[in-house]
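J.: Next one to model:
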Amino acid sequence: MWIQNRLFDLHYSANLLIKEESTVEGAAPRVKVWRTEIDRLKAEMDGMAARYPQLADSLQKYYVLPPDPAPEPALTSTAPFANAVYDAAQYVDGSDAHFTWVDYRPGEVRDFPVLLHGNIATPGEAVPRHFLSVLAKGDGAFHQGSGRLELAGRIFSDGAPLAARVIVNRVRGWYFGKALAPTTSDFGVQGEKPSNPALLDDLRRASWRTAGRSSGCTGKSCSRRLTSSRAASGPMPRPSISKICRCGA
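T.: Residues are numbered from 1 along each chain as shown. Below you'll find the model as predicted:
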């Protein structure tokens with residue numbers, strides 16, 4: 001019945017905007033208009049309740065909407081660290097046998113111990129913060145705070161050849177529907193080997209810039225190389241534009 005479908009749509013939409021007001025611009029005025037229509041339809045159905053009692057009763061659930069939410073507090077804050085990425089030491093509090101807390105202490109730096117068998121109650125030796133030894137050129141230790149910034153720099157300096165291969169392998173998969181190395185998230189010994197290592201290296205060289213501040217792998221150069229290839233002259237799946245943009249095209 002039309003009135004039942006209309007009440008369902010109005011109730012569902014109003015309920016959604018009341019609970020998620022921030023997701024729609026101008027939510028309150030819309031809900032006000034919908035409430036008015038719901039009230040009008042209710043009055044109309046109340047007038048026919050004696051004639052159609054079962055229908056009138058089944059529609060009662062659509063007349064009641066949740067109350068308007070209380071104003072939310074401001075999302076900004078003047079408290080320290082509230083609006084920025086910051087270094088903090090991580091501690092795990094396992095004093096409660098049934099509940100584990102993770103405690104972050106801003107401004108502290110620490111080397112985290114290996115938790116034997118993943119158990120906070122059996123900590124092993126502390127592991128110094130450092131870059132992957134297999135990729136590090138020289139001393140891989142981190143000395144600046146948590147080492148997060150140093151890690152990012154090392155990925156695209158010491159680990160540049162691997163990082164470039166990972167990136168171009170993913171981009172190639174987005175364009176052709178199949179990456180050269182099928183296990184795109186595992187280039188280790190457990191991952192599958194690339195079907196064409198020479199092509200992977202060629203894409204890596206074509207997509208990697210080493211000139212000053214422009215250093216890095218660019219999605220644009222990789223995309224240009226792929227789409228101008230002979231392989232691209234045949235049918236190709238439509239690549240994800242959002243993924244290409246995130247890669248830096």
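
J.: how does this protein divide into domains?
T.: 2-62, 86-127, 160-247 (automatic domain parsing).

J.: what about these, which gets the closest to Gln144?
T.: Smallest distance to Gln144 across these (CB to CB): 9.0 Å, for domain 86-127. Yep, even glycine has a C-beta here, placed from its N, CA and C like the rest.

J.: Quick one: distance of the closest one to the chain centre.
T.: Taking CA atoms, centre = their mean, to the nearest Å, the mean C-alpha location of domain 86-127 is offset from the chain mean by 25 Å.

J.: again with stretch 151-171
T.: Computed by CA atoms, centre = their mean, the chain-centroid distance of stretch 151-171 equals 20 Å.

J.: Only alpha carbons, please: show that stretch as CSV.
T.: Taking C-alpha atoms only, stretch 151-171 is exported to CSV below (Å, rounded to 0.1, in the frame of the first residue of the first chain):
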residue,chain,number,x,y,z
LEU,A,151,61.4,4.5,8.9
ALA,A,152,59.5,6.3,6.1
GLY,A,153,62.8,7.8,4.8
ARG,A,154,64.6,4.4,4.8
ILE,A,155,61.7,2.7,2.9
PHE,A,156,62.4,5.0,0.0
SER,A,157,66.2,5.1,0.3
ASP,A,158,67.6,1.8,1.6
GLY,A,159,64.5,-0.1,0.6
ALA,A,160,63.9,1.8,-2.6
PRO,A,161,64.3,-1.1,-5.1
LEU,A,162,61.8,-3.2,-3.2
ALA,A,163,59.4,-0.4,-2.5
ALA,A,164,59.4,0.5,-6.2
ARG,A,165,58.7,-3.1,-7.3
VAL,A,166,55.8,-3.4,-4.8
ILE,A,167,54.2,-0.1,-6.1
VAL,A,168,54.5,-0.8,-9.8
ASN,A,169,53.4,-4.4,-9.3
ARG,A,170,50.2,-3.2,-7.7
VAL,A,171,49.6,-0.5,-10.4
